[in-house]
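Give me a 3D structure for the following:
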Amino acid sequence: MKLWHKAAVTSIALITSLALAQAPGSKAPSVSLAPIDPITVTRGQAGAVRLHFRVARGFHVNSNTPKSEFLIPTTLKMDAPTDIALTKLTYPDGTDMSFPFAPDEKLNVYSGDFTVTMNVRPLHTVQPGKYAIHGELKYQACDNAACYPPKKLPVNFDVKVLKNATTGGKNPAQSPHAHR
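This is a model prediction of the structure:
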(Lines give C-alpha, C1' and ligand atoms only; values in the text may rest on other atoms or scores of the structure.)
Protein backbone atom coordinates (compact mmCIF):
# COMPACT_ATOMS: atom_id res chain seq x y z
CA MET A 1 0.00 0.00 0.00
CA LYS A 2 2.91 2.36 0.75
CA LEU A 3 4.32 1.83 -2.76
CA TRP A 4 0.99 2.78 -4.36
CA HIS A 5 0.73 5.86 -2.10
CA LYS A 6 4.27 6.99 -3.01
CA ALA A 7 3.52 6.59 -6.76
CA ALA A 8 0.25 8.53 -6.37
CA VAL A 9 1.97 11.38 -4.50
CA THR A 10 4.72 11.49 -7.13
CA SER A 11 2.13 11.59 -9.93
CA ILE A 12 0.17 14.35 -8.20
CA ALA A 13 3.36 16.37 -7.67
CA LEU A 14 4.30 15.95 -11.33
CA ILE A 15 0.84 16.98 -12.54
CA THR A 16 0.84 19.98 -10.18
CA SER A 17 4.26 21.15 -11.38
CA LEU A 18 3.18 20.80 -15.02
CA ALA A 19 -0.01 22.74 -14.32
CA LEU A 20 1.95 25.49 -12.59
CA ALA A 21 4.39 25.66 -15.49
CA GLN A 22 1.43 26.21 -17.82
CA ALA A 23 -0.32 28.75 -15.59
CA PRO A 24 0.36 32.38 -16.48
CA GLY A 25 2.35 34.31 -13.92
CA SER A 26 1.84 37.95 -13.09
CA LYS A 27 2.51 38.81 -16.71
CA ALA A 28 0.17 36.97 -19.06
CA PRO A 29 1.45 36.12 -22.54
CA SER A 30 -0.31 38.09 -25.21
CA VAL A 31 -0.24 39.38 -28.74
CA SER A 32 -1.77 42.76 -29.54
CA LEU A 33 -2.85 44.39 -32.80
CA ALA A 34 -2.08 47.99 -33.68
CA PRO A 35 -5.13 50.06 -34.70
CA ILE A 36 -6.03 49.61 -38.37
CA ASP A 37 -7.10 52.66 -40.35
CA PRO A 38 -10.07 52.06 -42.66
CA ILE A 39 -8.93 50.78 -46.06
CA THR A 40 -10.21 52.66 -49.10
CA VAL A 41 -10.22 50.77 -52.40
CA THR A 42 -11.94 51.17 -55.77
CA ARG A 43 -14.16 48.26 -56.73
CA GLY A 44 -12.45 45.89 -59.12
CA GLN A 45 -9.00 46.90 -57.84
CA ALA A 46 -6.83 45.52 -55.06
CA GLY A 47 -5.64 47.43 -52.01
CA ALA A 48 -2.98 46.30 -49.53
CA VAL A 49 -3.70 45.81 -45.84
CA ARG A 50 -0.87 45.64 -43.31
CA LEU A 51 -1.70 44.15 -39.92
CA HIS A 52 0.92 45.03 -37.28
CA PHE A 53 1.10 42.64 -34.32
CA ARG A 54 3.22 42.85 -31.17
CA VAL A 55 4.21 39.90 -28.98
CA ALA A 56 4.52 40.91 -25.31
CA ARG A 57 8.08 41.29 -24.00
CA GLY A 58 9.54 38.04 -22.67
CA PHE A 59 7.36 35.85 -24.90
CA HIS A 60 7.45 34.42 -28.41
CA VAL A 61 4.92 32.68 -30.65
CA ASN A 62 5.57 30.00 -33.24
CA SER A 63 5.87 31.38 -36.75
CA ASN A 64 3.34 30.50 -39.44
CA THR A 65 5.71 27.70 -40.50
CA PRO A 66 7.10 26.10 -37.33
CA LYS A 67 9.76 23.44 -37.76
CA SER A 68 7.72 20.67 -36.13
CA GLU A 69 4.27 19.34 -36.89
CA PHE A 70 3.65 19.24 -33.13
CA LEU A 71 3.94 23.03 -32.75
CA ILE A 72 0.92 25.29 -33.20
CA PRO A 73 1.51 27.74 -36.08
CA THR A 74 0.42 31.37 -35.90
CA THR A 75 -2.46 31.67 -38.39
CA LEU A 76 -4.77 34.43 -39.53
CA LYS A 77 -8.30 33.49 -40.62
CA MET A 78 -10.45 36.24 -42.09
CA ASP A 79 -14.11 36.43 -43.17
CA ALA A 80 -15.18 38.98 -45.75
CA PRO A 81 -18.50 39.74 -47.43
CA THR A 82 -19.20 37.54 -50.46
CA ASP A 83 -18.13 40.04 -53.13
CA ILE A 84 -14.87 41.08 -51.46
CA ALA A 85 -11.84 38.84 -52.00
CA LEU A 86 -8.97 38.60 -49.54
CA THR A 87 -5.88 37.42 -51.41
CA LYS A 88 -2.10 37.13 -51.14
CA LEU A 89 -2.00 36.56 -47.38
CA THR A 90 1.70 36.87 -46.52
CA TYR A 91 3.39 36.07 -43.22
CA PRO A 92 6.89 37.28 -42.36
CA ASP A 93 9.78 34.88 -42.00
CA GLY A 94 10.26 33.81 -38.42
CA THR A 95 13.55 33.86 -36.52
CA ASP A 96 15.30 30.59 -35.64
CA MET A 97 15.97 30.57 -31.89
CA SER A 98 16.83 27.98 -29.26
CA PHE A 99 15.43 27.99 -25.73
CA PRO A 100 16.45 26.44 -22.39
CA PHE A 101 13.69 23.82 -22.60
CA ALA A 102 15.18 22.50 -25.90
CA PRO A 103 18.74 23.89 -26.23
CA ASP A 104 19.71 21.64 -29.17
CA GLU A 105 16.60 22.44 -31.22
CA LYS A 106 15.98 25.68 -33.10
CA LEU A 107 12.38 26.88 -33.21
CA ASN A 108 11.08 29.31 -35.84
CA VAL A 109 9.30 32.07 -33.91
CA TYR A 110 8.01 35.63 -33.91
CA SER A 111 8.91 37.92 -31.04
CA GLY A 112 8.46 41.66 -30.70
CA ASP A 113 6.71 43.15 -33.75
CA PHE A 114 5.64 41.28 -36.87
CA THR A 115 3.43 42.22 -39.82
CA VAL A 116 1.00 40.11 -41.84
CA THR A 117 -0.14 41.53 -45.19
CA MET A 118 -2.97 40.75 -47.59
CA ASN A 119 -4.82 42.30 -50.49
CA VAL A 120 -8.47 43.31 -50.38
CA ARG A 121 -10.17 43.31 -53.77
CA PRO A 122 -13.85 44.14 -54.11
CA LEU A 123 -15.42 42.65 -57.22
CA HIS A 124 -16.75 44.97 -59.94
CA THR A 125 -20.29 44.18 -58.77
CA VAL A 126 -19.90 45.38 -55.17
CA GLN A 127 -22.01 48.38 -54.26
CA PRO A 128 -19.93 51.32 -53.06
CA GLY A 129 -20.02 51.64 -49.28
CA LYS A 130 -18.39 50.57 -46.04
CA TYR A 131 -17.86 46.88 -45.29
CA ALA A 132 -16.66 45.18 -42.10
CA ILE A 133 -13.98 42.49 -42.31
CA HIS A 134 -13.71 40.15 -39.31
CA GLY A 135 -11.28 37.44 -38.35
CA GLU A 136 -8.85 36.19 -35.75
CA LEU A 137 -5.19 35.49 -35.23
CA LYS A 138 -4.62 32.12 -33.59
CA TYR A 139 -1.32 31.73 -31.73
CA GLN A 140 0.38 29.94 -28.86
CA ALA A 141 2.66 32.07 -26.72
CA CYS A 142 5.64 30.67 -24.85
CA ASP A 143 8.34 32.05 -22.59
CA ASN A 144 11.75 30.54 -21.90
CA ALA A 145 10.28 27.90 -19.57
CA ALA A 146 6.77 26.97 -20.74
CA CYS A 147 4.13 27.27 -23.42
CA TYR A 148 0.66 28.56 -22.61
CA PRO A 149 -2.73 27.50 -23.95
CA PRO A 150 -3.47 28.69 -27.50
CA LYS A 151 -5.35 31.99 -27.81
CA LYS A 152 -7.33 33.82 -30.46
CA LEU A 153 -7.02 37.56 -31.04
CA PRO A 154 -9.94 39.28 -32.83
CA VAL A 155 -8.89 41.12 -35.99
CA ASN A 156 -11.43 43.59 -37.41
CA PHE A 157 -11.18 46.42 -39.90
CA ASP A 158 -13.37 48.37 -42.33
CA VAL A 159 -13.08 48.61 -46.08
CA LYS A 160 -14.57 51.60 -47.87
CA VAL A 161 -15.37 50.61 -51.45
CA LEU A 162 -15.42 53.43 -53.98
CA LYS A 163 -17.23 53.50 -57.30
CA ASN A 164 -15.12 52.78 -60.38
CA ALA A 165 -13.34 55.86 -61.65
CA THR A 166 -14.91 57.16 -64.83
CA THR A 167 -12.45 57.26 -67.65
CA GLY A 168 -12.55 59.89 -70.35
CA GLY A 169 -14.00 58.22 -73.40
CA LYS A 170 -14.75 59.35 -76.90
CA ASN A 171 -17.80 61.42 -77.48
CA PRO A 172 -20.07 59.14 -79.51
CA ALA A 173 -21.28 62.13 -81.55
CA GLN A 174 -17.81 62.69 -82.99
CA SER A 175 -16.71 61.00 -86.16
CA PRO A 176 -13.73 58.68 -85.72
CA HIS A 177 -12.38 59.87 -89.11
CA ALA A 178 -9.96 62.72 -89.47
CA HIS A 179 -11.50 65.78 -91.11
CA ARG A 180 -9.64 68.08 -93.52
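
Quick check: which element contains L107?
Using DSSP states H and E, L107 sits in strand 102-110.

ok, and what's touching that strand?
If you take Cβ atoms under 8 Å, 6 or more residues apart in numbering as the criterion, strand 102-110 is touched by 53, 55, 60-63, 65-68, 71, 74, 92, 94-99. Backbone N, C-alpha and C define where each C-beta goes, glycine included.

ok, 7 Å please
Strand 102-110 has contacts (Cβ atoms under 7 Å, 6 or more residues apart in numbering) with 55, 60-63, 65-67, 74, 94-99.

With stretch 43-59 instead?
Under Cβ under 7 Å, 6+ apart, the answer for stretch 43-59 is 27, 29-34, 36, 39, 41, 61, 110-124, 126, 128, 137, 141-143, 155, 157, 161-164.

how long is it from one end to the other?
Start-to-end span of stretch 43-59 (Cα to Cα, to the nearest Å) is 40 Å.

can you check stretch 120-140 too?
First-to-last residue span, stretch 120-140, Cα to Cα: 27 Å.

Next, the buried residues of that stretch.
V120, R121, P122, V126, Y131, I133, G135, E136, L137, K138, Y139, Q140 (16 or more other Cβ atoms under 10 Å).

Can you lay out these as TSV showing secondary structure, pLDDT and distance to A80?
Output for the buried residues of stretch 120-140, formatted as TSV (DSSP: H, G, I helix; E, B strand; the rest coil; pLDDT from 0 to 100; distance: Cβ to Cβ, whole Å):
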residue	secondary structure	pLDDT	distance to A80
V120	strand	96	7
R121	strand	96	10
P122	strand	95	9
V126	coil	93	11
Y131	strand	95	7
I133	strand	95	5
G135	strand	97	9
E136	strand	97	13
L137	strand	98	16
K138	strand	98	18
Y139	strand	97	21
Q140	coil	95	26
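
of all those, which comes closest to I84?
Of all those, the one sitting nearest I84 is P122; the distance, using Cβ to Cβ, is 4.9 Å.

Okay, that closest one and D37: tell me how far apart.
17 Å (Cβ to Cβ, to the nearest Å).

again, but for F114
Taking Cβ to Cβ, one finds F114 at 19 Å from D37.

Comparing these two, which residue is more hemmed in?
F114 (22 against 10; other Cβ atoms under 10 Å).

my read: the more buried one touches P92, true?
Yes. Assessed by Cβ atoms under 7 Å, F114 is found in contact with P92 at 5.1 Å.

coming back round to it: can you select the buried ones from the contacts of stretch 43-59 in ChimeraX?
Selecting only the buried entries of those in ChimeraX, with 16+ other Cβ under 10 Å as the criterion:
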select :29,30,31,33,39,41,61,110,111,114,116,118,119,120,121,122,126,137,141,142,143,155,157,161
